[in-house]
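Colleague: what follows is a protein structure lacking sequence information:
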């Protein structure tokens, strides 16, 4: 899959000596990486590797103890409209599908006329247009996760961060979601997502950031990672030998 | 059991006849308690929301006080308000003792902690649920608070009516500061106390039946409004 | 959402309407009276006539004699209608009240279980009756609330040199409540009780209670009306209050009191002296 180029890029994402510890336990330990290519970057690793925390820092939801993470030299703040975050478990307002999208656009002060256009676009792409009047909280699990993506997509972000977006879905839901993620990437939105699933990483990734116990083990193109892992830990993980817990 | 069936008959009779004294008493009960709850809501809702969402010095103490005051004995509130409003008290010059206004003041004191404490809990729960998501979507503190209050509006209305239930049913405070003056400060609960002391058990019980019915009507109206809303925007 | 706002608006409108009801009220005075008078319904009978004559409304707060006098001390009432002479005279000598006028009387009675286990019906004096109760430790219910009736009862025990306080909670029960409530309790306990005749006659929940002893000169029950000293409490409506006192002592007021009956029985007997 050729990597499309993002114009006026918020990239590179630069991570330097990033460390976070909670109650004396290191969660991220001197992580260094630079992500400058477009396409889909997968943060891979067993549970407890620090994937989700890294993604939260990338959206400005958490602050590192030491080191830095910058988008084209800027420290992220959650209000920036060019970047969207998708939680594993979404929370929707007790309103219709349409109103949940309107809410996000209103937060960012998008004019009403343009709102309708953006909402229709996002609902078309995610296949939710028939459900626009339905209450968001009555949608099925798969529909909710698509709305979760639509809510992130509606602002036409340049970067979308997804935290284990398919962890709660059945196989057909996973397939639909992966198709959607590929489509978003093709439409020039940089994707960074976490997963603990090797198969998913194989299917989606352009490059892999492999974390284990808070440390960055490898950052390589996906092809290289799967064909000839450079480190022992990565090879063990590929062979299914890494245990999730300490 | 005979007492009860007689009381129901008497209650029905009073309602059907639209007994003017009864109407006056019911109207004053509603006027006093609704006014008190309205004012208590104006104070309690923002206070509860602020306690849920903002950290400030003395917040823990304020929350502890609020939770304690939820169960304030009405007679104590009545006594304190009485001492303040008495001619020999600090606000005596206003001449408010033994007026419906004094009863409203006492009930505001009773109900505000209830509304504020319940609101705090409601908004805090909603904040736990929504905070991370709304922040990630780009909400700033002010719009976050507005969203939380709007999302919890039905629960908040229910909280307010929990306060109403307490106000309309209490007798200790209104008796002391109102004086149970006929045609002036006599409400449902003080009438029940008076008729009981006159030995008019049947009439007292009938008034009790009417009071409970009234509470039931108000409560079920609020509940049904909430359920309709839930059906539309679950 | 639309429905919510419709409901909210209706509710607010309702509250505002209800809250704005009290409009022009006629001039009024506040009268602190005893529960014994309130329960009898006498004032509901007298006040409309006085209002027709004077244009002044009378708002009645019913409490025990002790608290009624207290309301006078703090200036929370314009007039006091009570029934315990020593307390009334102390109230005036301390400068809280200016004028005490005796307006009517009736008497106290002793009620008790219909079966009358001590057979007090047959006794000739209230001292004998109370002595019997004391000696047999029969349940006796007292107001225990510093009301006129309570004070009267304490005076009677004092005559016998009996300190009932030390039996409180055993055969002697203090309710700390009004006359009606106390009668309800006496009825429930099958106890003897001292009551004023007005409350007794108007009391509807007698069931097992009966009037067992009456007509002892010691059981005389005098009611007086006292005006609050306007020098001490300038905000009191002394002029209007004096009009009520004068009317109550006038031939019309006195006739009204005499004509107030319940089931054909006269409850209060006027005895105001002409000015």
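Modeller: That came in fine, so what should we check first? Values in this document were obtained by computation on a predicted structure and should not be read as measured data. Numbers count the residues shown, from 1 in each chain, chains lettered A, B, ... in the order given.
Colleague: for the chain, which residue occupies the most central location?
Modeller: Going with chain A. Centroid check for chain A by Cα atoms, centre = their mean gives residue A:162 as the closest residue, at 2.1 Å.
Colleague: try chain C instead
Modeller: residue C:34 (2.3 Å).
Colleague: just list the residues touching it, thanks.
Modeller: Counting by Cβ atoms under 8 Å, 6 or more residues apart in numbering or on different chains, residue C:34 makes contact with C:62-65, C:68, C:81-83, C:147-149. C-beta coordinates here come from the backbone N, C-alpha and C atoms, glycine included.
Colleague: leaving aside the residues adjacent along the chain, what's closest to residue C:190?
Modeller: Using Cβ to Cβ, 6 or more residues apart in numbering or on different chains and skipping the chain neighbours, the partner closest in space to residue C:190 is residue C:113 (4.4 Å).
Colleague: chain A: strands as residue ranges?
Modeller: In chain A, the strands defined using DSSP state E lie at A:13-22, A:25-35, A:40-44, A:66-71, A:83-86, A:159-163, A:190-195, A:207-212, A:215-221.
Colleague: okay, buried residues for stretch A:183-201 please.
Modeller: For stretch A:183-201, the neighbour count (16 or more other Cβ atoms under 10 Å in any protein chain shown) marks A:184-185, A:189-196, A:200-201 as buried.
Colleague: residues near residue C:115, how many?
Modeller: By the criterion of other Cβ atoms under 10 Å in any protein chain shown, residue C:115 has 10 neighbours.
Colleague: distance check, it against residue A:162.
Modeller: With the distance defined as Cβ to Cβ, to the nearest Å, residue C:115 ends up 88 Å from residue A:162.
Colleague: now do residue C:68
Modeller: The separation that residue C:68 has from residue A:162, given Cβ to Cβ, amounts to 77 Å.
Colleague: then residue B:189?
Modeller: For residue B:189, the distance to residue A:162 equals 59 Å [Cβ to Cβ].
Colleague: go ahead and confirm residue C:53 touches residue C:247.
Modeller: Yes. Between residue C:53 and residue C:247 there is a contact at 6.5 Å, judged by Cβ atoms under 8 Å.
Colleague: which one of the two has more residues nearby?
Modeller: Per other Cβ under 10 Å, whichever of residue C:53 and residue C:247 has more neighbours is residue C:247, with 18 against 13.
Colleague: ok, and which of the contacts of residue C:34 reach chain B?
Modeller: Counting by Cβ under 8 Å from any Cβ of the partner chain, residue C:62 from the contacts of residue C:34 sit close to chain B.
Colleague: low-confidence stretches in the chain?
Modeller: Answering for chain A, as no chain was given. Counting by pLDDT under 70, the ranges of chain A that qualify are A:1-8, A:242-246.
Colleague: that answer is for a different chain, and I need it for chain B
Modeller: Under the criterion pLDDT under 70, the flagged ranges of chain B are B:1-2, B:230-234.
Colleague: and chain B, which residues reach chain C?
Modeller: Proximity of chain B to chain C, by Cβ under 8 Å from any Cβ, involves residues B:27, B:30-31, B:34-35, B:38, B:86-89, B:92-93, B:95, B:97-98, B:100, B:153-154, B:179-182, B:184, B:194, B:196-201, B:225, B:228-229, B:233.
Colleague: what about these, which are in helices?
Modeller: Among the residues of chain B next to chain C, the members falling in helices (DSSP state H) are B:27, B:30-31, B:34-35, B:38, B:100, B:153-154, B:194, B:196-197, B:201, B:225, B:228-229.
Colleague: drop anything exposed from those residues.
Modeller: Buried by 16+ other Cβ under 10 Å: B:30-31, B:34-35, B:38, B:100, B:153-154, B:194, B:196-197, B:201, B:225, B:229, out of those.
Colleague: list, out of the residues you listed, those positioned next to chain A.
Modeller: Filtering these for proximity to chain A by Cβ under 8 Å from any Cβ leaves nothing.
Colleague: closest to residue C:106 out of these?
Modeller: For residue C:106, the nearest member of those is residue B:197. The distance, counting by Cβ to Cβ, is 18.8 Å.
Colleague: the closest one contacts residue C:175, doesn't it?
Modeller: No. Checked against Cβ under 8 Å, the pair residue B:197 and residue C:175 is beyond contact range at 10.7 Å.
Colleague: name the residues contacting each of those two.
Modeller: With Cβ under 8 Å, 6+ apart as the test, residue B:197 and residue C:175 both reach residue C:181.
Colleague: how about the helices in chain C?
Modeller: With DSSP H, the ranges of helices along chain C come out as C:2-19, C:35-40, C:42-54, C:65-73, C:85-93, C:126-135, C:148-160, C:179-189, C:197-202, C:238-249, C:251-259.
Colleague: can I get those helices in a markdown table including distance to residue B:82 and mean pLDDT?
Modeller: Formatted as a markdown table, the entries for the helices of chain C read as follows, by distance: least, Cβ to Cβ, whole Å; pLDDT from 0 to 100:
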| stretch | distance to residue B:82 | mean pLDDT |
| --- | --- | --- |
| helix C:2-19 | 22 | 58 |
| helix C:35-40 | 18 | 84 |
| helix C:42-54 | 22 | 94 |
| helix C:65-73 | 10 | 91 |
| helix C:85-93 | 20 | 94 |
| helix C:126-135 | 36 | 95 |
| helix C:148-160 | 22 | 94 |
| helix C:179-189 | 20 | 90 |
| helix C:197-202 | 25 | 90 |
| helix C:238-249 | 22 | 94 |
| helix C:251-259 | 31 | 95 |
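Colleague: deepest-packed of these, please.
Modeller: By mean neighbour count, with neighbours taken as mean count of other Cβ atoms under 10 Å in any protein chain shown, helix C:35-40 ranks first of those at a mean of 28.
Colleague: now do that helix: which elements does it pack against?
Modeller: In terms of contacts (3 or more Cβ pairs under 8 Å, 6 or more residues apart in numbering or on different chains; DSSP states H and E), helix C:35-40 is packed against helix B:188-197, strand C:57-62, helix C:179-189, helix C:197-202.
Colleague: including distance to residue A:238, could these go into JSON lines?
Modeller: Conversion of the helices and strands packed on helix C:35-40 to JSON lines gives the following (distance: least, Cβ to Cβ, whole Å):
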{"stretch": "helix B:188-197", "distance to residue A:238": "76"}
{"stretch": "strand C:57-62", "distance to residue A:238": "89"}
{"stretch": "helix C:179-189", "distance to residue A:238": "85"}
{"stretch": "helix C:197-202", "distance to residue A:238": "95"}
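Colleague: circling back: okay, the helices of chain C in TSV with distance to residue A:35 next?
Modeller: Shown next, in TSV, are the helices of chain C (distance: least, Cβ to Cβ, whole Å):
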stretch	distance to residue A:35
helix C:2-19	47
helix C:35-40	85
helix C:42-54	88
helix C:65-73	81
helix C:85-93	91
helix C:126-135	98
helix C:148-160	89
helix C:179-189	82
helix C:197-202	91
helix C:238-249	89
helix C:251-259	99
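Colleague: ok, which of those helices comes nearest residue B:166?
Modeller: Across those, residue B:166 has its closest neighbour in helix C:2-19 (16.8 Å, Cβ to Cβ).
Colleague: quick revisit: closest one to residue C:107 among the helices and strands packed on helix C:35-40?
Modeller: Ranking these by proximity to residue C:107 (Cβ to Cβ) places helix C:197-202 first, at 5.5 Å.
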